[in-house]
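Asker: Got a sequence here, can you build the structure:
(3 chains)
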Amino acid sequence: MEKHDIVIIGGGPAGLAAAVAARKAGIEDILILERDGCLGGILNQCIHNGFGLHTFKEELTGPEYAARYIDMVAEEKIPYKLNTMVIDINKEKEVTVINREDGLTTIQAKAIILAMGCRERPRGALNIPGYRPAGIYSAGTAQRLMNIEGFCVGKEAVILGSGDIGLIMARRMTLEGAKVKVVAELMPYSGGLKRNIVQCLDDYGIPLKLSHTVVNIEGKERVTGITIAQVGPDRKPIPGTEEHYTCDTLLLSVGLIPENELSRSIGIHMSRITSGPEVNDQLETSSEGVFACGNVLHVHDLVDYVSEEAALAGTNAAAYVQAGGEKENRHVVELKAENGVRYTVPHTLDVNHMQDKVTVRFRVADVYKDRYITVYYDGVQVSKKKKKVLAPGEMEQVILKKDSFGEYPDLKNIVICTEVE
Amino acid sequence: METRELICIGCPLGCPLTVRIDGEKVEVSGNTCKRGEDYAHKEVLSPTRIVTSSVHVKGGELEMVSVKTKEDIPKGKIFEIMEEIKNTSVDAPVVIGDVIIDNCAGTGIPVIATKNVDRA
Amino acid sequence: MKEWNFDAVIIGGGVTGCAVARELSRYELRTALVEREEDVCSGTSKANSAIVHAGHDAVPGSVKARFNVEGNRMMGELSKDLDFEFERNGSLILCFAEEDRPALQELYDKGVKNGVPELKIITGDEARAMEPNVSDAVVAALYAPTGGIVCPFGLTIALAENACDNGVEFIFNEEVKKVVRTEKGYDLETENGVIHTAYVINAAGVYADQIHNMVSERKLHITPRKGDYCLLDKEAGNHVKHTIFQLPGKLGKGILVTPTIHGNLLTGPTAKNIQDKEATATTAEELAEIMEKGSVSVKNVPFRQVITSFSGLRAHEDGDDFIVGEAEDAPGFFDAAGIESPGLTSAPAIGVYLAEEVAKRAGAAKKTEWNKKRQGFVRPEKMTKEERAALIKERPEYGTIICRCEGVSEGEIMDAINRTLGAVSLDGIKRRVRQGMGRCQAGFCTPRTMEILARERGMEMEDICKNAPGSHMLTGQK
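Answerer: Residues are numbered from 1 along each chain as shown, chains lettered A, B, ... in the order given. Purely as a prediction, here's the structure:
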């Protein structure tokens, strides 16, 4: 059986950054498995700019950002297989893969890094009523057809969901000569970055209708019209508020779901909130030696944070391979998300083995103004930071330092929450 | 004197900016970095944007190569530039940074490739 | 203007029409099937409960009862001959109140009269022992072990392919607008031409009344009865193992909850009589009704995991029974009309019956050579690792996975396109090999599948349709 120290599932931004970090941490034998025909993942179709300000201190497009990491992987001579689909993993860390050249083979790994990314929520998940004609696309599918394949998906569009891909595609379609009539958003706030509302909608006079959803899709062959309606606080359409738009296309940008079919197949504990694995401060899942990073772990707002998180997963997986065996003298503390904080990544922290600093990332449940992000150790407030605006579309973070735990030898829990005052 | 509320597009933070405009004098508050100040000045005096798109490749391993304006260009020129981009195609190979259009829409700013595309 | 000449022509490529075609292909007749859509299985046959009913619902002595029980009996062997997916998972009809027990008993008695084998009334606790998620309110249930689940696309397409392999001609994208009686039989006028035939088999689904009424004075009237469904993720597929019906009672015609042959969970249908024979749009009210009523029989149906919803039209005839046979005042014109539930189950039996009738009428002999077998799709998912490795070695296209959710390879998609009556649209591929049927609903695999379809058919990407002509995926080159 083919054997490798670290097998990385996914050659997008997370997988690439994890691979580079693992190599820098001294692991020679790494293999990246990528299901698509090239490395870089979804970044390849994200041809807009806005990537890399944190990582490279300059503003790059998606393909440029990907190329930086692809170059690093090439420089480090890290092997990868393209057009290769992982169809199974098991607790013994055997990875079953399939591709044209090798057929169906099994690879034994010492550590696995899950970096499969996420997928878009489809229409069906929203149960939007109406017909099922051509012309209904998830925004990412339309993005691929336009940017990678070079085709126009429609001439007149309505977009449901104001996630970043939806906003970016509103501009993209407009630039390519299509008319984007409206962006409807179910929630009373946008799920995307504020700057994308400015430069993708406002710049082109595309209306954004908050607290609106699609209530009917018309058209037998191709979409001919869409009806949207306002929703009440219960998110149910309010009769009498319907507005009809003639269009040939409906784009959906209604959320991303981590792709954890493989994770589930080996019984990894999953978070109901993120739909990703629960991980410790090493980004290790409940299955020993299996690490997770990037959008398979939780959906990120910025690729820069994906790279940072993935590098940590790579470094930790390397340490796991090098040390081997169980860690002694663990002191595992659970992180609790409360009062407006929806979840935390990581989910637990080993106070005795953690790095000097651990970045805890999370999202909030609603749009809050002038709130504090507060951290408690066993009920004692240890930090408090004021934020002018908190929004679900943007990831937040707090940094926990190892030396802050010195005074808490019997620490049981850490609470991260938002507070009004 | 005029006051305008802007959202900075300099980075994903999206700081809310307040701009006081008094003739040529522009005063910015709400920004958390220098980018915000620069953006506000430009946005009220002569707004600019980076334009990104993709261009057909002949003889390449891929159908399209992604491109961008090397620097931000006047907002009013966006559609003119898009028209030029639509009428352009390139021969493989293409390397990141290759100039695809050298002076787009008379702005003096080139459109450059943002992806490597090898020959098929 | 095109002109065609046949001995027998079937109008409609749904499951009934394809079953008739397959059975007619046994005989020395020039047979054709004409379908208005681009593919078979494009109407009612594609949007239904995908159930092989045991046969206890139909009124004893009715046409429905006869063909249901016969069709059910045939399904096992047919699934082997034609290599489509079918399983007898058994069904439970739930009774929620003591006062409804007589109705349950009545259902049992009907079943026995109809010749349904192995029926048994069981207690609520027995039902819950078989199906832990069945409602606590259930007091008794009728257990029908011969009830089953089938892939409706698989069944219909297999019948069509086998018919085609045995010489039946398939004419797509031609809608029969007019049927005219002639000296030698009938002329079927379509938009592009005319089909001359001695015998007509009317299997036109919700339009069977219109076709029939063109040649007969004994008028039929079909009401499209719309039913919405919700399909849930495979993760929810084990929520029940049997098909769970509600006893028709004060709750109205119940909503069923069933696993599908491919391991999803299906709930529905609603029942709404409408006028428009094309109105296959789901409505918010009906989708809500499915969730509410589905939860009456089965606890904790994970409706969060709905991956798609759809709607189908049952062809309900005023007489409330199937109309199968030669029209009294139109010799040589045979109906298979009013084929609502249990039409999918009954189709194979209707096919045998009508083919025999037509052959008798035409005095046609059986062919000396007729192949009852149809080779199904290579299904790597069902293979051992070794078998799959060997397959990819020989056919590398089976090593490229295109649809991640359902694990469908390029090889399977190519097979769907290139085989007998191969797919010409994205939905055609989907119905044959399940590309895009999974939880992402074709988000990732649409562009790749379009490329494969364009390549294999030598067509332009811009010409690719989701299904019927006009359902273009793209609006041009960038």
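Asker: Would you mind measuring from the nearest residue to B:R119 once chain neighbours are set aside to chain C?
Answerer: In space, and not counting its chain neighbours, B:R119 is closest to B:A92: 4.6 Å by Cβ to Cβ, 6 or more residues apart in numbering or on different chains. C-betas here are computed from N, CA, C, even on glycine. B:A92 sits 18 Å away from chain C, going by Cβ to the nearest Cβ, to the nearest Å.
Asker: for B:E83, same thing?
Answerer: 13 Å.
Asker: My guess is C:E87 contacts C:T260. True?
Answerer: No: using Cβ atoms under 8 Å as the test, C:E87 is too far from C:T260 to be in contact (9.9 Å).
Asker: The residue nearest to B:R119: how many residues sit nearby?
Answerer: Neighbourhood size, B:A92 [other Cβ atoms under 10 Å in any protein chain shown]: 16.
Asker: mind listing the strands for the stretch 301-450 of chain C?
Answerer: C:306-317, C:323-326, C:333-337, C:401-403, C:408-409 (DSSP state E, counting those that start in this stretch).
Asker: counting contacts, what elements does the last one pack onto?
Answerer: Looking back up the chat, that one is strand C:408-409. Secondary-structure packing of strand C:408-409 (3 or more Cβ pairs under 8 Å, 6 or more residues apart in numbering or on different chains; DSSP states H and E): strand C:401-403.
Asker: The strand it packs on and chain A, are they touching?
Answerer: Yes: if you take Cβ under 8 Å from any Cβ of the partner chain as the test, strand C:401-403 does meet chain A, through C:I401.
Asker: for the worst-scoring helix or strand of chain A on mean pLDDT, the distance to its chain's centre please.
Answerer: Within chain A, no helix or strand scores below helix A:123-126, which has a mean of 84 by mean pLDDT, DSSP states H and E. Averaging C-alpha positions (Cα atoms, centre = their mean, to the nearest Å) puts helix A:123-126 19 Å from its chain's average.
Asker: Check which residues of it are buried.
Answerer: A:123-126 (16 or more other Cβ atoms under 10 Å in any protein chain shown).
Asker: out of the residues you listed, which touch chain C?
Answerer: Applying Cβ under 8 Å from any Cβ, the subset of these adjacent to chain C comprises A:123-125.
Asker: Name the nearest of the buried residues of helix A:123-126 relative to chain C.
Answerer: A:G124 (3.3 Å; Cβ to the nearest Cβ).
Asker: Next, work out how far apart the nearest residue to that closest one once chain neighbours are set aside and C:G14 are.
Answerer: Once flanking residues are discounted, A:G124 sits nearest to C:T308: 3.3 Å by Cβ to Cβ, 6+ apart. From C:T308 over to C:G14 the distance is 21 Å, taken as Cβ to Cβ, to the nearest Å.
Asker: Give the helix, strand or coil label for C:N72.
Answerer: helix (DSSP: H, G, I helix; E, B strand; the rest coil).
Asker: how close does it sit to chain B?
Answerer: Plainly put, C:N72 is 51 Å away from chain B if you go by Cβ to the nearest Cβ.
Asker: Report the set of residues contacting both of C:E87 and C:T260.
Answerer: C:I149 (Cβ atoms under 8 Å, 6 or more residues apart in numbering or on different chains).
Asker: Neighbour count: those two, which is higher?
Answerer: The neighbour comparison of C:E87 against C:T260 (other Cβ under 10 Å) goes to C:T260, with 24 against 16.
Asker: Correct me if wrong: that one contacts C:T243.
Answerer: No: counting by Cβ under 8 Å, C:T260 does not reach C:T243; the two are 9.9 Å apart.
Asker: Identify the contacts common to these two.
Answerer: With Cβ under 8 Å, 6+ apart, C:T260 and C:T243 have common neighbours C:I149.
Asker: and A:T374, what helix or strand is that in?
Answerer: According to DSSP states H and E, A:T374 maps onto strand A:368-377.
Asker: elements contacting that strand?
Answerer: strand A:380-390, strand A:396-401, strand A:413-419.
Asker: tell me the angle of the longest one relative to strand A:413-419?
Answerer: This means strand A:380-390. Interaxial angle of strand A:380-390 relative to strand A:413-419 (axes from the mean of the first three to the mean of the last three Cα atoms, to 10 degrees): 40 degrees.
Asker: Okay, angle between strand A:380-390 and strand A:368-377 too, please.
Answerer: For strand A:380-390 against strand A:368-377, the angle by the same axes, to 10 degrees is 160 degrees.
Asker: quick one, what contacts the residue sitting nearest the centre point of chain B?
Answerer: By Cα atoms, centre = their mean, the mean C-alpha position of chain B lies nearest to B:I50, the distance being 0.7 Å. With contact taken as Cβ under 8 Å, 6+ apart, B:I50 is in contact with A:49, A:59, B:68-69, B:71-73.
Asker: Taking the residues you listed together, which two end up most distant?
Answerer: Longest distance between any two of those is 14.5 Å, between A:E59 and B:I73; criterion Cβ to Cβ.
Asker: between these two, who's got more neighbours?
Answerer: When neighbours are counted by other Cβ under 10 Å, A:E59 and B:I73 differ, and B:I73 comes out ahead with 21 against 18.
Asker: how about the closest residue to that one other than its chain neighbours, phi and psi?
Answerer: Once flanking residues are discounted, B:I73 sits nearest to B:T107: 4.9 Å by Cβ to Cβ, 6+ apart. Phi and psi for B:T107, reported as degrees, to the nearest 10, are phi -80, psi -10.
Asker: Test my guess that the residue nearest to B:R119 contacts B:E61.
Answerer: Yes: using Cβ under 8 Å, B:A92 is in contact with B:E61, at 7.2 Å.
Asker: Quick check: neighbours shared by the two?
Answerer: Any residue near both B:A92 and B:E61 by Cβ under 8 Å, 6+ apart counts here, and that gives B:117-120.
Asker: ChimeraX command for the buried members of those residues?
Answerer: Applying 16+ other Cβ under 10 Å to these, the buried members can be selected in ChimeraX as follows:
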select /B:117
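Asker: next SSE after the longest helix seen in chain B?
Answerer: Once chain B is assigned using DSSP state H, the helix that runs over the most residues is helix B:34-45. Next helix or strand after helix B:34-45 toward the C-terminus (DSSP H and E): strand B:48-49.
Asker: Enumerate every residue touching whichever residue of the stretch 301-450 of chain C sits closest to chain B.
Answerer: For the stretch 301-450 of chain C and chain B, the shortest gap (Cβ to the nearest Cβ) falls at C:P447, measuring 10.9 Å. Shown in contact with C:P447 (Cβ under 8 Å, 6+ apart): A:141, A:144-145, A:148-149.
Asker: swap the cut-off to 6 Å and go again
Answerer: C:P447 makes contact with A:144-145, A:149 under the criterion Cβ atoms under 6 Å, 6 or more residues apart in numbering or on different chains.
Asker: looking at this, A:D5 is in a strand?
Answerer: Yes: according to three-state DSSP, A:D5 belongs to a strand.
Asker: okay, the nearest residue to it once chain neighbours are set aside: pLDDT?
Answerer: Closest residue to A:D5 in three dimensions, ignoring its sequence neighbours and counting by Cβ to Cβ, 6+ apart: A:D29, at 4.1 Å. According to the prediction, A:D29 has pLDDT 98.
Asker: number of nearby residues for A:D29?
Answerer: 16.
Asker: is it true that it touches A:V7?
Answerer: No: at 9.6 Å, A:D29 and A:V7 do not qualify as touching, with contact defined as Cβ atoms under 6 Å.
Asker: Now the common contact residues for those two.
Answerer: Common neighbours of A:D29 and A:V7, using Cβ under 6 Å, 6+ apart, do not exist here.
Asker: Please name every helix or strand in contact with the least confident helix or strand of chain A.
Answerer: For helix A:123-126, the contact count by 3 or more Cβ pairs under 6 Å, 6 or more residues apart in numbering or on different chains; DSSP states H and E identifies strand C:306-317 as packing neighbours.
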